[in-house]
Structure formats: C-alpha cells, structure tokens
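In: 3D, please:
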Amino acid sequence: MLTIKDCRLVWPDFTADYSLSVENGTLCAIVGPSGGGKTTLLHMIAGFETPDSGELTFDGQDLRPLSPAARPTSIVFQDHNLFPHLTASENVSLGLRASLRLTAEERTLVADTMEAVGLHRLGHRKPGEMSGGQRQRMALARALISRKPLILLDEPFSSLDPSLRRDMILLVDDMRRSRPVTILMTIHTPDEVADLADQMAFVADGRVVASGLPAEIMQGPWVYRHRPESAG
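Out: Below you'll find the model as predicted:
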C-alpha cells in the first residue's frame, strides 16, 4: 500500500498538506481544479519535492530518505521527457539502463514492451518523426519496462484528442492488469477514466479533499465548490 499521512510542503504562496492511502494494484485517478496541487502530489511521491513533515511509505518502506532514482516509482510527465536524438527503442531502453548497453534478454524485453504498446515497427524512428500519440506510448513503455511497482502519470494524455486519449487510458488499464503495478494518474477529464479507475482522489487547495469510488467522488459537493464558474 502507498500511505501518505500529513505530508506538509510549504512555499511563500502555497501550502500543501496531503493524506491518502492507495492499495497495491489500484488505478487511482487524481482529479481537481488546475493549480490545486495534483502535480505537486505526484512530484512528492516521486521525490522531486520533499515534505517538511509527515509519513510517506510504500509497502512499509519509508520513501522520504530515498532519492528519486532509488524510489520504487516511475513517472511520465506531461511533456514526455523523451530524448530527441535517440530512437524510440533507445528511449524505451533507458527504462532499463542509462548506458543503453543491454543484454540479449533485455533487448528482447524492449521489443516485447514496444509491441505491447503498438510500437514494434517504429523502433528506429526518433521522437520528432512520430505523432503525439506514438510519443505518449513511447514514454509509457519506458515507464513500464522499468519494472517499478508504482507508476505516476502526470496528465500524460492531455494534448491528445478525446478518442486517442481514451485509447491510451484503456492501454494503461490493460497494462496494469497484466502485471503487478499501482498507478496514480492526474487527469482533467475524470469522466474518461471513471469506469476503469478503482479509486479517485479529489485534490484542491493543496490537500486531498476526498477519496473513494469514482462515482462517489464525481457526485460529491466538493466538485461543485471548486468549479471555475463558482469562483467569487
């Protein structure tokens, strides 16, 4: 289980105080208004932000002393964070070894993972030669191949059209059902993931306002209080 308890981060203009529990094997959608702290939550779990206090554990292991590389997490950013001078196969291979010096078994694993995300014929192409959806699949493949048990997706499909976005969400769900992995995904369109997510957390004003079944969260009063048109 991922356990976040009273994790507090303070900046001059913003304070976050998170508490959330996510069971292993869960697809948890993180929703809420822009600027509410969704990305900061993922960055804290990944190790890019350090809480001043609180408890942050995964399977009983304290994550706070660990560097981002040492944590059991893999994160996919909104901008993919791909290397333009490397091929698709090389970008995916970085999930295994930064040196790109793979064993024969590892090269087979890269090929199998790329096939799983529909890129098996595009391994020679570079990111600039691929569509937005293909780049999204590449970034997802790199996260999956890392074999980290906790995958964090920060609005990875926001730039895609609705039909392709739905296809990518279905792919994420298929992949997490085929291997033991826990996924936290921030998303601005909760209705697109409500039928697949096991859990949904509503984040606003730097805290987890509510967490539970998607249907319960989407119908809760906090949703209406934080809609843009309700401001003022």
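
In: can you give me the strands in the chain?
Out: Using DSSP state E, the strands of the chain run over 2-11, 14-22, 27-31, 53-58, 61-62, 73-76, 150-154, 182-186, 199-204, 207-212.

In: okay, residue 229: pLDDT?
Out: With respect to pLDDT, residue 229 scores 44.

In: Revised request: answer the last question for residue 226.
Out: Looking at residue 226, its pLDDT stands at 63.

In: ok, now which ones touch the closest residue to residue 56 other than its chain neighbours?
Out: Leaving aside its sequence neighbours, residue 56 sits nearest to residue 63 (Cβ to Cβ, 6 or more residues apart in numbering; 4.8 Å). To be clear about C-beta, it is placed using only N, CA and C from the backbone, and glycine gets the same treatment. Residue 63 is in contact with 45, 47, 56-57, 71-72, counting by Cβ atoms under 8 Å, 6 or more residues apart in numbering.

In: Likewise for residue 153?
Out: Residues near residue 153 by Cβ under 8 Å, 6+ apart: 75-76, 140, 143, 172, 183-186.

In: Between the two ends of stretch 85-104, how far is it?
Out: Start-to-end span of stretch 85-104 (Cα to Cα, to the nearest Å) is 23 Å.

In: and that stretch, how far out from the chain's middle?
Out: Stretch 85-104 sits 21 Å away from the centroid of its parent chain (Cα atoms, centre = their mean, to the nearest Å).

In: For it, give the mean pLDDT please.
Out: 88.

In: List the buried residues in that stretch.
Out: 87-96, 102 (16 or more other Cβ atoms under 10 Å).

In: How is the chain divided into domains?
Out: 2-72+148-230, 84-146 (automatic domain parsing).

In: Keeping just the C-alphas, turn stretch 180-197 into CSV.
Out: The C-alpha atoms that make up stretch 180-197 are tabulated as CSV, following Å, rounded to 0.1, in the frame of the first residue of the first chain:
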residue,chain,number,x,y,z
PRO,A,180,1.5,-6.2,-10.5
VAL,A,181,1.7,-2.4,-10.7
THR,A,182,0.0,0.5,-8.9
ILE,A,183,-0.9,3.6,-11.0
LEU,A,184,-1.7,7.1,-9.9
MET,A,185,-2.8,9.3,-12.8
THR,A,186,-3.7,13.0,-12.8
ILE,A,187,-6.4,13.8,-15.3
HIS,A,188,-8.6,16.9,-16.1
THR,A,189,-11.4,14.8,-17.6
PRO,A,190,-12.4,12.3,-14.8
ASP,A,191,-15.4,11.0,-16.8
GLU,A,192,-13.0,9.4,-19.2
VAL,A,193,-11.5,7.2,-16.5
ALA,A,194,-14.4,6.8,-14.1
ASP,A,195,-15.4,3.4,-15.4
LEU,A,196,-11.8,2.0,-15.1
ALA,A,197,-10.4,3.5,-12.0
